[in-house]
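Q: Provide a 3D model corresponding to the input given below.
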Amino acid sequence: MADSGDGGGLDLLPNMPDTPDTPPPLKAQKPQKPQKKSRDARTLKPAADLPVARIAVDIPLAHLDRPFDYLVPEKLDGRARPGVRVRVRFAGQLTDGYLLDRVEASEHQGRLSYLERVVSPEPVLTPEIAGLARAVADRYAGTLADVLRLAVPQRHAATETAPWSPAGEPSAVGEPSRPGPGTWVRYPAGQAFLDAIALGRPARAAWAALPGPAWPEEIARAAVTAASAGRGAVIVVPDARDLTRVDEALAGLTAADRDAGAAADGAASYVTLTADLGPAERYRRWLAVLRGQVRIVAGTRAAMFAPVANLGLVVLWDDGDDLHAEPRAPYPNAREVLALRAHRAGAAALIGGFARTAELAQLVAAGWARDLVPDRATMRATAARVRPAADDSEVARDEAAAMARLPSLALRTARNALTTGPVLVQVPRRGYLASIACGRCRAQARCTQLIGGSACNGPLRLASQNATPDCRWCGALAGGWRCPRCGHDRLRALVTGAGRTAEELGRAFPGVKVVTSGGDLVLPRVPDQPALVIATPGAEPLASYSAALLLDGWALLGRPSLRAGEEALRRWLAAAALVAADGTVFVHADAALPATQALIRWDPVTFAARELADRAELGFPPAVRMAAVAGDAAAVASLLAATDPAFEVLGPVETEDDPAAGQQVRALVRASRERGTALARALAAAQAARSARKEGGGVRVQLDPAELI
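A: The predicted structure is shown next:
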């Protein structure tokens, strides 16, 4: 019942009509909630000791790439330790960050905000990784926030809070027994390199590995040698197939220690980090590394930032593989990151593979690394014999050998080898006919589908023998295609893929098993039995091959790339290394080319030195530092205008990107190696200025890109 009085009351009865003499009813007021306790500076007290926290805020804006100071409230004093994840209020929003350090006072003259909360007491960002991330960001003109996203995995709360048995302080963890040198004795400096690792010396080796299956065990022996001296090791390989082989080698070497009980405290154990583990398992293994439970970490590209304590060795296998290049900003390469990490930590380094890059040759020329190569006698006894398609004796017998895709020498080589084991056939392209042309005028067949008012102009291909040609760019079918030049409707092959090659060899060798590996179906291993194995580069199954046919060398050497010769040699050597020492390797390429000669002699070291000299003469990386600046034309022009005019600018030129994205251009900025740091700083400052002014248009800045053309 409502109260009534002189001033009129509130009528709470329903469905009562209003009258002119009665004022309209008022809405009942909601009871006010009690006010929450304010968390501003009037109610919170800073910690008594080291009250100021330096926070790396997770904001990738270039002009905000610096630590920010916050006050640590008393109640968070015990949890707010360097390296923990925190939440802070930045520009009015709650933002993630990492606590880098705590200091007594701030240089900021204004009022400081307080930390909102500590997400987890786990110090996930170690001082070594924090310093490395800052150095990587500076080298690649990036931001610390971008690098930390690559270095520290996302938190998995259930895994982090699960019970675990600490292995103690890293210095208190026991060491595994030192393994013997094994196949390292085949290298003149192999024993000395292992001794340097055991003594904790920063030996840095540019490794030219002998062909054969021994390289995973050699990497494992170097890593366990470092662990036996109480130091950690980080091993980075290109893909999961290589990681599986290293995993097996590490398991074999550490099995004796596990059986003897020496690894009960985790000293001789190791972990592998791969993307297919799932977030929980991957984070669990990463935490085991962080907490000092393991000394050895092996993984793909992301493992280069693994927080191994007391780092003693970094290993990078096949540094020329493009999988080592991070596709996310600031686009670091695992080779440069591991070299920088070894330099900062005073650790040993083992970088190499069957081939050698010009970048590794530059490290040797600068004196940072030393050659670790076999002698020529050992190489000749280990490597298979290599024959080109058109050597003098073969041309004298068959004048068409230089032009035929499958000359008689290749067929004879395969036929003889099939009596003892499998034969590997490496084809540069997958598919059936990767590129086709007019059968009359030989003009490349291109798509005529209209997109946005203009022709797609993408290259056509055939997916199978009876398939309709389709476009490799837009996927449109071209059933009624006619050559726009001559009107002819017949097609011929320009680039033959693995599928068509399997058909041709199946007809040439009836009754012989033919298997293919590549694309979505990569075979890990094939039996050591007679068979033809057709594979694309990087997808070769493991086996002890009796011979290898390296076809269509022109497709690799003719790529519009600065690294065409280097990449062709790397792929050839990787395939030839699978052939037995008494086998034969046939390469279908001009024998006079430097890459072919390097394969015949199995001499990647001399080839890399020559490649480095050629690039120094032409002013190309790694003899110089070069940055690729790509994006909207106006944005690229604005950024280039803000850099030092002393740097040499090549371009900009239009790119072949989607026309709907507007005019896209690309420019190259070149500087000497001595001014490489200045170039990175200038580009970072220009990016920061654009970010502060909120200029539109996207710009991608990539230092030392793998591809310049």
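Q: show residues contacting stretch 612-631.
A: By CB atoms under 8 Å, 6 or more residues apart in numbering, the residues outside stretch 612-631 that reach it are 141, 358-359, 361-362, 365, 562, 636, 639-640, 652, 655, 664-673, 675-676, 679-680, 683, 697-705, 708. Glycine gets a C-beta too; all of them are placed from N, C-alpha and C.
Q: mark which of those residues are buried, thanks.
A: Among those, those classed as buried by 16 or more other CB atoms under 10 Å are 141, 358-359, 361-362, 365, 562, 636, 639-640, 652, 664-671, 675-676, 679-680, 683, 699, 701-705.
Q: beyond the longest helix that the chain contains, next helix or strand please.
A: Scanning the chain for the longest helix, with DSSP state H as the assignment, gives helix 240-260. Downstream of helix 240-260, the first helix or strand assigned by DSSP states H and E is strand 270-273.
Q: so what touches the helix or strand just after that following strand?
A: Note on strand 270-273: by DSSP H and E, the next helix or strand toward the C-terminus is helix 279-290. For helix 279-290, the external contacting residues (CB under 8 Å, 6+ apart) are 122-124, 126, 153-156, 158-160, 162, 164, 266, 271-275, 277, 294, 297, 306-308.
Q: buried members of the residues you listed into PyMOL, please.
A: Filtering these down to the buried ones (16+ other CB under 10 Å) takes a single PyMOL command:
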select buried, resi 122+123+124+126+153+155+156+159+160+266+271+272+273+274+277+294+297+306+307+308
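Q: among the contacts of helix 279-290, name the ones in helices.
A: Those of these mapping onto helices are 158, 159, 160, per DSSP H.
Q: ok, now which ones touch the last one?
A: Just to be clear, that refers to residue 160. The contact partners of residue 160, taken as CB under 8 Å, 6+ apart, are 120, 122, 283, 287.
Q: separation between it and residue 120?
A: Distance, residue 160 to residue 120, by CB to CB, to the nearest Å: 6 Å.
Q: got it, and residue 455?
A: Here residue 455 is placed at a distance of 56 Å from residue 120 (CB to CB).
Q: by mean pLDDT, flag the weakest helix or strand of the protein.
A: The weakest-scoring helix or strand in the chain, judged by mean pLDDT, DSSP states H and E, is helix 392-397 (a mean of 51).
Q: shouldn't residue 102 be in contact with residue 55?
A: No. Contact criterion CB atoms under 8 Å: residue 102 and residue 55 do not qualify, at 10.3 Å.
Q: for the host helix or strand of residue 554, buried residues please.
A: Using DSSP H and E, the element containing residue 554 is helix 553-557. Using 16+ other CB under 10 Å as the test for burial, helix 553-557 gives 553, 555, 556, 557.
Q: please name the nearest non-neighbouring residue to the second one.
A: Spelled out, that is residue 555. Closest residue in space to residue 555, ignoring its immediate chain neighbours: residue 428 at 4.3 Å, by CB to CB, 6 or more residues apart in numbering.
Q: the one you found reaches residue 534, doesn't it?
A: No. Counting by CB under 8 Å, no contact exists between residue 428 and residue 534, whose distance comes to 11.7 Å.
Q: of the two, give the one with the bigger neighbour count.
A: More crowded of residue 428 and residue 534, by other CB atoms under 10 Å: residue 534, with 29 against 22.
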